[in-house]
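Chemist: sequence first, predicted model second:
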Amino acid sequence: MKKTGQTISSGSRKMELRVVNSQGAGMDSKKSEQSGTTHFGYQKVLESEKSTRVGAVFSSVASQYDLMNDFMSGGLHRLWKRFAVQLSGVTTGSRVLDIAGGTGDLSKLFLEKIGPEGELWLTDINLEMLSVGRDRLVDAGKMPPLCQCDAESLPYPDEYFDCVTVAFGLRNMTHKAQALKEMYRVTRRGGRLIVLEFSKVWKPLEKLYDLYSFKFIPFMGKLVAKDEDSYRYLAESIRMHPSQEELADMFRESGFDRVEYFNLAAGVVAVHRGFKM
Ligand SMILES: C[S@@+](CC[C@H](N)C(=O)[O-])C[C@H]1O[C@@H](n2cnc3c(N)ncnc32)[C@H](O)[C@@H]1O
């Protein structure tokens, strides 16, 4: 595994960001799959292109990301994240991996749960999102280790974490099955994976939700983040994401047991939980 460390600073703040270029489990098979195509929202793109396109979206929205989340969900995303942390069952001293952690909302909540005896890593593939997350955590008086890495090739040992989490990140990954396999690998026996993600809304609400997603969200994106296209991608990527049942099956295929999910806001989002037995 090849690693390079990089220190980035913001004003007087300094914290190490470990930039990891890993050749971990599954990378060879991943590379050989890369001649195929996948979706980026409703567009068909080369698999090798998708992460660059997703990267451009999050680099563009990083500075307005938190504000937009509050606007789009009316603040509900905070409750959804609290619920996910509650379901994780982590306690003082737990080891937690926050994947695609972005601006650090979940990390902040987990750090309160695990206390100074615990260990939490805030990770994301995108440096801009991670930098915003770092600043927010430092402002809150917290300094967990951060790592810029791809969920499809995690630079962590087998069976290390009590809990692995992803909030609103899995949808953006090119090879979701590979990412879930990696999450399974780094989870200890008895540990669990928690995925909070947009899902399939209750059928009678579909029309209203379409209106909200394809009209209101891009409009707000244009107004607040000056980026309509990225927020159109958000709406499209939600439609392309597996349903509650499909994702539960993917958990099982990756090796997780006792898989269940909890719908929130009539299925606008769902929290999936699975255990490594
Ligand atoms: C919608 S944001 C979610 C951020 C945060 N977890 C939250 O709930 O607010 C999605 C994040 O997934 C990250 N991401 C996308 N693909 C990734 C990958 N393959 N590995 C790790 N992170 C990824 C993006 O960079 C972005 O920060």
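Modeler: Nice, thanks for sending it over.
Chemist: give the contact list for whichever residue of the chain sits closest to the ligand.
Modeler: Residue of the chain nearest the ligand, by CB to the nearest ligand atom: Gly102 (2.7 Å). The C-beta positions use only the backbone N, C-alpha and C, and glycine is treated the same way. The contact partners of Gly102, by CB atoms under 8 Å, 6 or more residues apart in numbering, come to 58, 62, 65, 124, 126, 129-130, 132-133, 168-169.
Chemist: just those residues: which are in strands?
Modeler: Asp124 (DSSP state E).
Chemist: circling back: quick check: the residue of the chain closest to the ligand is in a helix.
Modeler: No: membership of Gly102 in a helix is not supported by DSSP: H, G, I helix; E, B strand; the rest coil, which gives coil.
Chemist: isn't Ser59 right next to Asn126, touching?
Modeler: Yes: in terms of CB atoms under 8 Å, Ser59 counts as a neighbour of Asn126; the distance is 6.3 Å.
Chemist: compare the two (neighbour count), which wins?
Modeler: Between Ser59 and Asn126, counted using other CB atoms under 10 Å, Asn126 has the larger neighbour count: 21 against 14.
Chemist: spatially nearest residue to the more buried one (excluding sequence neighbours)?
Modeler: Leaving aside its sequence neighbours, Asn126 sits nearest to Phe58 (CB to CB, 6 or more residues apart in numbering; 4.5 Å).
Chemist: distance-wise, check that neighbour relative to Asp98.
Modeler: In this view, Phe58 and Asp98 are 15 Å apart by CB to CB, to the nearest Å.
Chemist: out of the two, which sits in the busier spot?
Modeler: Here Phe58 and Asp98 are set side by side on neighbour count (other CB under 10 Å), and the busier one is Asp98, at 30 against 23.
Chemist: secondary structure class of the more buried one, three-state.
Modeler: Asp98 carries the three-state label strand when classified by three-state DSSP.
Chemist: that one pairs with what?
Modeler: Listed by DSSP bridges, the beta-bridge partners for Asp98 are Leu122, Thr165.
Chemist: now the helices for this protein?
Modeler: Using DSSP state H, the helices of the chain run over residues 27-33, 47-61, 65-73, 76-88, 105-114, 127-139, 176-186, 206-211, 217-224, 228-240, 244-254.
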